[in-house]
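Chemist: pasting a predicted model and its sequence here:
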Amino acid sequence: AQSVAQPEDQVNVAEGNPLTVKCTYSVSGNPYLFWYVQYPNRGLQFLLKYITGDNLVKGSYGFEAEFNKSQTSFHLKKPSALVSDSALYFCAVSTNAGKSTFGDGTTLTVKP
Amino acid sequence: EPEVTQTPSHQVTQMGQEVILRCVPISNHLYFYWYRQILGQKVEFLVSFYNNEISEKSEIFDDQFSVERPDGSNFTLKIRSTKLEDSAMYFCASSRDSHNEKLFFGSGTQLSVL
């Protein structure tokens, strides 16, 4: 069985500061890892993914994520947060079967 | 950018009634999914669909649920006899490939069972 853990329900950062949203996963075989963002009353939007290759993945809106196989983590990062980054963030893992399992989500609040 | 569209955006129904939620996936996508989200939090997998058959389903997807791709464009989720606990936001998603491609989500149908 595959699972994803997002240990923080809420992350608060000041605008201009770096942000990290944490994610750890458990899966048999090679993981396919994703981050999605959800704004109020909207569907989830893709940010970035890790399939293979470089452990540091760059995605939309200046976000990046680092795959760490030994720690089974895939933390989302951004060097300088914007107020407009405030949203609900989901980490997800999928396997060859195609089913994506999502974490419980982390609400990011960026204060001016 | 192409979009997944879902109708209706809101659906209110009485307990025990049948509902059909409709989705139009992106035209060149081959894999289709239904997820649901309760209280704006956890996103739960319901079912995946490929080549006109279910490829995987969760324990939530019991005999009351069914999916269909009746023509070349629509992908529907039917709940035969709704229960109060079926109230949720239901998201349709599609992808070109199954496991290493991003999912494109629709804006969802908010189902309220009274």
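Modeler: The structure has been received and is ready for your questions.

Chemist: just the pLDDT for the spatially most central residue of chain B.
Modeler: What sits nearest the mean C-alpha location of chain B, by C-alpha atoms, centre = their mean, is B:W34, with 3.1 Å. Note on B:W34: pLDDT of 96.

Chemist: show me what contacts it?
Modeler: Going by C-beta atoms under 8 Å, 6 or more residues apart in numbering or on different chains, B:W34 touches B:L21, B:C23, B:L46, B:V47, B:V67, B:L77, B:Y90, B:F91, B:C92, B:A93. Any C-beta I mention is one placed from the backbone N, CA and C, and that applies to glycine too.

Chemist: and which of these is nearest chain A?
Modeler: B:F91 (5.6 Å; C-beta to the nearest C-beta).

Chemist: what does chain A put close to chain B?
Modeler: For chain A, the residues in contact with chain B (C-beta under 8 Å from any C-beta of the partner chain) are A:32, A:34, A:36, A:41-46, A:49, A:51, A:88, A:90, A:94-102, A:104-105.

Chemist: can you pull the residues of chain B lying near chain A?
Modeler: So chain B meets chain A at B:4, B:31, B:33, B:35, B:40-45, B:48, B:50, B:55-56, B:58, B:91, B:93, B:98-100, B:102-108 (C-beta under 8 Å from any C-beta).

Chemist: in strands, which of these appear?
Modeler: The members of these that map onto strands under DSSP state E are B:31, B:33, B:35, B:43-45, B:48, B:50, B:55-56, B:91, B:93, B:104-105.
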